[in-house]
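Colleague: just to be clear, the model below is a prediction. Sequence and coordinates:
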Amino acid sequence: MKDLTIIDHPLVLHKLTHMRDKNTPTAQFRQLLNEIAHLLAYEVLRDLPITHQRIETPLVAMDAPVIGGKKLVLVSILRAGNGLLDGILELVPSARVGHIGLYRDPKTLEPVEYYLKLPDDIQARTSILVDPMLATGNSAAAAVTRLKQAGATDIRLCCLLAAPEGVKALHAAHPGLPIFTAAVDEKLNDHGYIVPGLGDAGDRMYGTK
């Protein structure tokens with residue numbers, strides 16, 4: 001699909017398999033999500049602008065590459081998004097951080113917002129929206145709408161798993177939005193869960209099932 005990048009590196013796929021396993025304990029699930037976040041971030045941030053800075057190596061002076069422009073904004077869709085957020089922050093600790101609190105109504109599967117906190121200058125920065133699961137796409141679409149209302153123009157979604165229905169719905173709501181994921185699974189079930197998936201990412205991260 002256009003504007004969809006599947007990051008199927010062997011390390012990602014290996015770690016994802018362990019996350020799918022229902023017998024993987026909570027602590028290991030969190031660690032795996034943190035590790036996968038590092039690997040996904042390399043691709044999501046591959047085209048960041050580069051400038052050059054004059055430095056002195058132990059041997060000579062040189063113009064060395066550094067990331068240019070404003071720092072990133074990482075925006076987590078609470079609560080499960082924090083698992084990816086923490087991993088990416090380890091790579092880019094200077095990034096600004098925003099949070100959008102959304103939960104899915106179990107009857108309508110529509111998102112309900114309960115919290116929003118974003119950096120004031122988000123319009124001048126690249127925004128990376130993070131949420132492990134792109135299922136129906138409703139929560140992600142609502143989150144992107146809120147980012148646009150706040151002035152964000154350069155927005156990307158980073159998720160662990162996606163359903164075809166979610167990708168289609170998100171692109172219908174926000175055409176051209178770049179989506180980065182480790183896998184696109186088969187379908188959604190009647191309860192809006194990704195199949196085969198890995199269950200509820202938030203519950204598995206925090207042991208609340």
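Modeller: Happy to help now that I have it. Residues are numbered from 1 along each chain as shown.
Colleague: can you list the low-confidence ranges for the chain?
Modeller: Applying pLDDT under 70 to the chain flags residues 1, 209.
Colleague: would you mind finding the longest helix in it?
Modeller: Counting residues, the longest helix in the chain under DSSP state H turns out to be helix 26-44.
Colleague: so which bits of that helix are buried?
Modeller: F29, R30, Q31, L32, L33, N34, I36, A37, L40, A41, E43, V44 (16 or more other CB atoms under 10 Å). Backbone N, C-alpha and C define where each C-beta goes, glycine included.
Colleague: could I get the residues you listed as a markdown table with distance to Q123?
Modeller: Output for the buried residues of helix 26-44, formatted as a markdown table (distance: CB to CB, whole Å):
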| residue | distance to Q123 |
| --- | --- |
| F29 | 35 |
| R30 | 33 |
| Q31 | 35 |
| L32 | 34 |
| L33 | 30 |
| N34 | 30 |
| I36 | 30 |
| A37 | 25 |
| L40 | 25 |
| A41 | 22 |
| E43 | 25 |
| V44 | 20 |
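Colleague: what's the closest of the residues you listed to P111?
Modeller: L33 (21.6 Å; CB to CB).
Colleague: how about the contacts made by the closest one?
Modeller: Contacts for L33 (CB atoms under 8 Å, 6 or more residues apart in numbering) come out as M19, G83, L84, G87, P132, L160, A201, M205.
Colleague: circling back to that earlier point, ok now the helix or strand following the longest helix of the chain, how far from the chain's centre?
Modeller: Next in sequence after helix 26-44, counting helices and strands by DSSP states H and E, comes strand 50-56. The gap between where strand 50-56 is centred and where its chain is centred comes out at 30 Å by CA atoms, centre = their mean, to the nearest Å.
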